[in-house]
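Enquirer: task: produce atomic coordinates for the following.
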Amino acid sequence: MTCIVGLEHGGHVYIGADSLGVNSSTLEKTVRDDVKVFTTGPFIMGCTTSFRMIQLLQYKFVPPAQLAGVDDMRFMVTDFIDSVKKCFTDNGYTNGNFLVGYNGKLYTIEGDFQVGKASLGYDACGCGSRFALGSMFSNTKLKPLERIKQALAAAAEFSAGVAPPYLVLKK
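Expert: Predicted structure coming up:
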């Protein structure tokens with residue numbers, strides 16, 4: 001339960017996240033100090049699904065190198081996903097949903113490990129994603145940081161699973 005929002009702008013990727021953690025069984029909520037958005041090597045990532053998944057991607061995942069002559073999408077679908085799956089398997093985790101920025105492009109990783117690339121140059125995931133996407137669609141005149149913060153605020157206004165503070169990073 002969260003909202004992660006990503007945006008391509010000016011050759012960079014911005015990803016923002018809220019700070020709420022919700023126990024799906026008891027619906028208890030906690031504003032967390034550990035972050036849902038971070039950089040690792042040449043990647044910026046924003047994650048939903050599980051804080052364990054976030055911890056694995058942030059602290060244990062070893063990003064692969066992209067081989068010369070391999071385009072970015074092929075690299076993401078093959079070597080990148082293979083490395084993510086290995087990290088998860090080696091640590092007893094299965095799958096999750098997250099956004100990844102790489103070489104100025106934003107990718108969405110779904111629970112079945114498919115790699116998506118939204119044609120609009122922005123995307124969102126988590127329980128507040130639909131509210132955030134509506135905001136992103138309608139606030140195109142704002143600067144990237146403010147655009148993402150406004151989208152996260154819209155998600156927090158209408159989703160019980162999203163709350164400030166917000167963290168937005170750029171890579």
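Enquirer: for the rest of this, base every contact and every neighbour count on C-alpha atoms.
Expert: Fine.
Enquirer: quick one: the strands in this structure?
Expert: Ranges of strands in the chain, per DSSP state E, are 4-9, 12-17, 20-22, 29-31, 37-40, 43-47, 98-102, 105-109, 115-116, 122-125, 167-170.
Enquirer: for the fifth one, buried residues please.
Expert: This means strand 37-40. 37-39 (16 or more other CA atoms under 10 Å).
Enquirer: ditto for stretch 162-171
Expert: 162-163, 166-171.
Enquirer: which of those sits closest to G69?
Expert: Checking those against G69 by CA to CA gives K171 as the nearest, at 22.8 Å.
Enquirer: and that closest one, how far from F80?
Expert: 18 Å (CA to CA, to the nearest Å).
Enquirer: for L57, same thing?
Expert: Using CA to CA, one obtains 12 Å as the distance from L57 to F80.
Enquirer: identify the bridge partners of the closest residue to G121 other than its chain neighbours.
Expert: Excluding its sequence neighbours, the residue lying closest to G121 (CA to CA, 6 or more residues apart in numbering) is E8, at 5.2 Å. Beta-bridge partners for E8, by DSSP bridges, are V13.
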